[in-house]
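Student: This is a predicted model, with the sequence first.
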Amino acid sequence: MSLIDDIAAKLSQEFIDDAADRIARMQVALTNIGAKDGSVRDAMMSLSREVHNIKGSASNFGFSTAGLVSERFEDFMAETANGAELPVAEYQRFVDVLSDLIDQGRDCGPERAGEILRMLPLHHEFDPESVTANPGRAMVVVRARTMGAMLARELANCRFRTQQCRDPFDAAVWRRWNSLIWF
């Protein structure tokens, strides 16, 4: 092995050791959050700090999947941190995945990374009642007459009043005089 390979291996091992220590601190923070010992806010700050540090250094040492998982974890925490009840079980799933990735001592392949990312929890808050239709007028600018007619019909089904035009220049002139929304 060359000197550069030795240095890279040593730095990689230092990252693995540091990440393992950070994961242990994450476990302590999760235990405090779940048991509501002390300040939950302080435990969340500690958890967030450790995740952020792993995210920042993982890719530099060839652990890109751990970096992606950490990034998803940060996003998930940002979306759920203001809830009435923190999803500690989902947080634990992220920490377990990070622990497994670090314990392997090397990054997994792209196929496995995709599987891992698909297994992670997602946070969706979508209220279908919050969606309201605000139809108006629309100009359909498509050179193909049949395609324009089909698109205009679909927009009309969504309660838009449509105007068809085949040429963008004509549409711009027409739009200026009729103040239609052009998209």
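Tutor: Perfect, I can see it now.

Student: Where does pLDDT dip in the protein?
Tutor: Scanning the chain for pLDDT under 70 picks out 1, 37-38, 124-128, 130-134, 172-183.

Student: All the helices of it, in order from the start?
Tutor: 3-35, 40-58, 64-80, 88-104, 110-119, 145-157, 168-178 (DSSP state H).

Student: Could you pull up the residues touching the closest residue to F94 other than its chain neighbours?
Tutor: Leaving out its chain neighbours, the residue that sits closest to F94 by CB to CB, 6 or more residues apart in numbering is F73, at 4.2 Å. Backbone N, C-alpha and C define where each C-beta goes, glycine included. Neighbour list for F73: 51, 55, 91, 94, 98, 120 [criterion: CB atoms under 8 Å, 6 or more residues apart in numbering].

Student: What number of residues are in the vicinity of the last one?
Tutor: Counted with other CB atoms under 10 Å, the neighbours of L120 add up to 15.

Student: Please state the backbone phi and psi of it?
Tutor: phi -70, psi 150 (degrees, to the nearest 10).

Student: Wait, R22 touches G56, no?
Tutor: No: applying CB atoms under 8 Å, one finds R22 not in contact with G56, separated by 11.0 Å.

Student: Brilliant, that's me finished.
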